[in-house]
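S.K.: sequence below, structure please.
(one chain, ligands or ions: 2)
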Amino acid sequence: MSTQETNWTKSSWQNLSALQQPNWPNEEKLKSSLETISKLPPLVFAGEIRTLKNLLGEAAQGRAFLLQGGDCSEDFDKCTAPGIRETLKVILQMAVVLSYAGGKPVIKVGRIAGQYAKPRSADTEMVNGVELPSYRGDMVNSPEPLAEFRTPDPERMVKGYHLAAATLNILRAFTKGGYAALNRVTAWNNEFVKTSPMGRSYERLAKQIDQALHFMEVIGLDVNNPIIKQADFFTSHEALLLGYEEALTRQDSTTGLWYDCSAHMLWIGDRTRQLDGAHVEFLSGVLNPLGMKVGPNHDLDEIKRIIDKLNPDNEPGRMTLITRFGADKIEKFLPPLLRGLKKEGYNLVWSCDPMHGNTYTAETKHKTRNFNDILHEIQCFFEIHWAEGTIPGGIHFELTGDNVTECMGGGRNIMAQNLQENYCTNCDPRLNAEQSLEIAFQVAEMIRS
Ligand code: PEP
Ligand code: CO
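M.R.: Ligands and ions are numbered 1, 2, ... in the order given. Purely as a prediction, here's the structure:
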């Protein structure tokens, strides 16, 4: 039975329990904020969403590779042209490395233009002896540890909508207006990264692409083709605040089908994917491509039933399973999951999130991740898929184009004592531009083999 023949409506989730929702203090204000958003234009269009789903269908068959990445939690104050450009640049660079050295088309999906809401392990936290609501993302409250800033404010969702629109606008300008043209690959190299061994490897690769393009031009091929001049770039975020998602869920005028037009792809977090919960119910009825995070704490049977509910027609490209076990646990948890789901014949894109299972607190009290653990989890991910005869179809990162010091290790070997030098994240630690590029070169080797 197709999802769209059930009793689903964009509000049917409201009858079920929704975990990880803020305690909004004022019901009236919440209602009026959501009503405002529901009247505003959609952020993305159904046709673009269908394009992404078709591309992900290719990744499910091993004919393309998904690269998804961006901030853990986007910061309202960092919604600036240079900030967005730097993140886009590093994703474009990684994609070029993966497609040129790895030999497969790369589907570029940002955690961007709406990644403003976070699940938290506790509703409140103690700061200097005072109990405060936890920070739940910029669309809910502000990270400053004072009660007035931490109180959830639904008007922040309206602001989040506008900032997502501004972000998408400049992303569309960059990707369609010439900035992302392949004959500009050399220009994407970050000033800071340029001088590093990674930057030099990238420069070499970019020169080869330049030469190939020049050759094409010499023999008379059209290098002004949109394939060369433009990039396809898609947006995604965790579908956590269901009121916001509902307000942006619209019926496609050409097909009459429902799409969540807050982003092209939505994912469901490891903490909110209960079979009978509100998040699974909501996502079952929108036709966007969906991601689902799966960590060590899962039940194989429940995962199967969630997939059956979210993708009853087993449509390729609809479901991406994003595994996030940790370098020390992936060998225990991934093989039985792959075997159990392969047996059922599910069409899935398998993606690796090597970030969320590898978080720990450094001696300096910073939340961090180690570059080697991240790389090790990816390596295991590929090897396990090869051994099981399944397809490693993508990777999912928390990263930024800025020169932050949040994850340890990498080419410049960031140590615990360096973390405070430029630690900017409001939530989880991200790879910086150089670390991201370094990972891309390593993953390209894996894709090629
Ligand atoms: C995230 O991707 O930021 C996140 C919270 O992940 P997970 O649901 O896997 O914990
Ligand atoms: Co995170």
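
S.K.: let me see the contact set for the nearest residue to Leu168 once chain neighbours are set aside.
M.R.: Closest residue to Leu168 apart from its sequence neighbours, by Cβ to Cβ, 6 or more residues apart in numbering: Ala113 at 4.7 Å. Backbone N, C-alpha and C define where each C-beta goes, glycine included. Applying Cβ atoms under 8 Å, 6 or more residues apart in numbering, we find Ala113 in contact with 43, 164-165, 167-168, 171, 235, 237, 263.

S.K.: contacts only, for the one residue sitting closest to the centre of the chain.
M.R.: Taking Cα atoms, centre = their mean as the criterion, Arg111 is the residue nearest the geometric centre of the chain, at 3.7 Å. Residues in contact with Arg111 (Cβ under 8 Å, 6+ apart) are 68-72, 74, 236-237, 398.

S.K.: which of those residues sits closest to Pro119?
M.R.: Cys72 (11.2 Å; Cβ to Cβ).

S.K.: that closest one falls within a helix, correct?
M.R.: No. With DSSP: H, G, I helix; E, B strand; the rest coil as the criterion, Cys72 is assigned coil and is not in a helix.

S.K.: for it, which non-adjacent residue is closest in space?
M.R.: Asp428 (3.7 Å).

S.K.: let's verify the residue nearest to the centre of the chain: helix, strand, or coil?
M.R.: When classified by three-state DSSP, Arg111 comes out as strand.

S.K.: tell me how many other residues crowd Asn128.
M.R.: Here the number of neighbours of Asn128 (other Cβ atoms under 10 Å) works out to 6.

S.K.: follow-up on the earlier one: reformat the contacts of Arg111 as a markdown table; add neighbour count and pLDDT.
M.R.: Listed next are the contacts of Arg111 as a markdown table, based on neighbours: other Cβ atoms under 10 Å; pLDDT from 0 to 100:
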| residue | neighbour count | pLDDT |
| --- | --- | --- |
| Gln68 | 23 | 98 |
| Gly69 | 27 | 98 |
| Gly70 | 27 | 98 |
| Asp71 | 25 | 98 |
| Cys72 | 22 | 98 |
| Glu74 | 30 | 98 |
| Ser236 | 28 | 99 |
| His237 | 29 | 98 |
| Glu398 | 27 | 98 |
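
S.K.: can you tell me which of those lies closest to Leu290?
M.R.: Out of those, the member with the shortest distance to Leu290 (by Cβ to Cβ) is Ser236, at 9.8 Å.

S.K.: any idea how far Thr320 is from the closest one?
M.R.: To Thr320, Ser236 is 10 Å away according to Cβ to Cβ, to the nearest Å.

S.K.: can you give me the strands for the chain?
M.R.: Under the criterion DSSP state E, the chain contains strands at 65-70, 106-111, 124-127, 130-133, 233-238, 249-251, 258-260, 265-268, 290-294, 319-323, 349-352, 359-361, 367-369, 392-398.

S.K.: of all those, which one is nearest ligand 1?
M.R.: Closest approach to ligand 1 among the strands of the chain (Cβ to the nearest ligand atom): strand 290-294, 3.6 Å.

S.K.: for ligand 1, tell me whether the closest one is touching it.
M.R.: Yes. Strand 290-294 is in contact with ligand 1 by Cβ under 6 Å from any ligand atom, via Lys293.

S.K.: quick one: mean pLDDT for that strand?
M.R.: For strand 290-294, mean pLDDT is 98.

S.K.: listing partners with orientation, what would you give for that strand?
M.R.: According to DSSP bridges, strand 290-294 forms sheet pairs with strand 265-268 (parallel), strand 319-323 (parallel).

S.K.: now mean pLDDT, distance to Lys53 and mean neighbour count too, for these, in a markdown table please.
M.R.: Output for the strands paired with strand 290-294, formatted as a markdown table (pLDDT from 0 to 100; distance: least, Cβ to Cβ, whole Å; neighbours: other Cβ atoms under 10 Å):
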| stretch | mean pLDDT | distance to Lys53 | mean neighbour count |
| --- | --- | --- | --- |
| strand 265-268 | 98 | 9 | 25 |
| strand 319-323 | 98 | 10 | 24 |
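
S.K.: correct me, but Gly297 touches Asp270?
M.R.: Rather than Gly, residue 297 is Asn. Yes. At 7.5 Å, Asn297 and Asp270 qualify as touching, with contact defined as Cβ atoms under 8 Å.

S.K.: quick one, which of the two is more surrounded?
M.R.: Between Asn297 and Asp270, Asp270 has the larger neighbour count (other Cβ under 10 Å), namely 21 against 8.

S.K.: how about the contacts made by the more buried one?
M.R.: Taking Cβ under 8 Å, 6+ apart as the test, what Asp270 contacts is 293-295, 297-298, 324, 356.

S.K.: separation between it and ligand 1?
M.R.: 4 Å (Cβ to the nearest ligand atom, to the nearest Å).

S.K.: before we move on, what about Pro226?
M.R.: 32 Å.

S.K.: and Ala113, by the same measure?
M.R.: According to Cβ to the nearest ligand atom, Ala113 and ligand 1 sit 15 Å apart.

S.K.: over to Ala60?
M.R.: Counting by Cβ to the nearest ligand atom - Ala60 and ligand 1 are separated by 21 Å.

S.K.: how about that residue, what does it touch?
M.R.: With Cβ under 8 Å, 6+ apart, Ala60 has these contacts: 316-317, 347-349, 391, 393.

S.K.: kindly recompute the last result at 7 Å.
M.R.: 316-317, 347-349, 393 (Cβ atoms under 7 Å, 6 or more residues apart in numbering).

S.K.: show me the contacts for Ala362.
M.R.: 368, 416, 419.

S.K.: what's the burial count for the last one?
M.R.: Read that as Leu419. Residues contacting Leu419 under the criterion other Cβ under 10 Å number 22.

S.K.: burial count for Leu43?
M.R.: Neighbours of Leu43 using other Cβ under 10 Å come to 20.

S.K.: likewise the one 4 residues further on?
M.R.: The burial count assigned to Gly47 is 11, neighbours taken as other Cβ under 10 Å.
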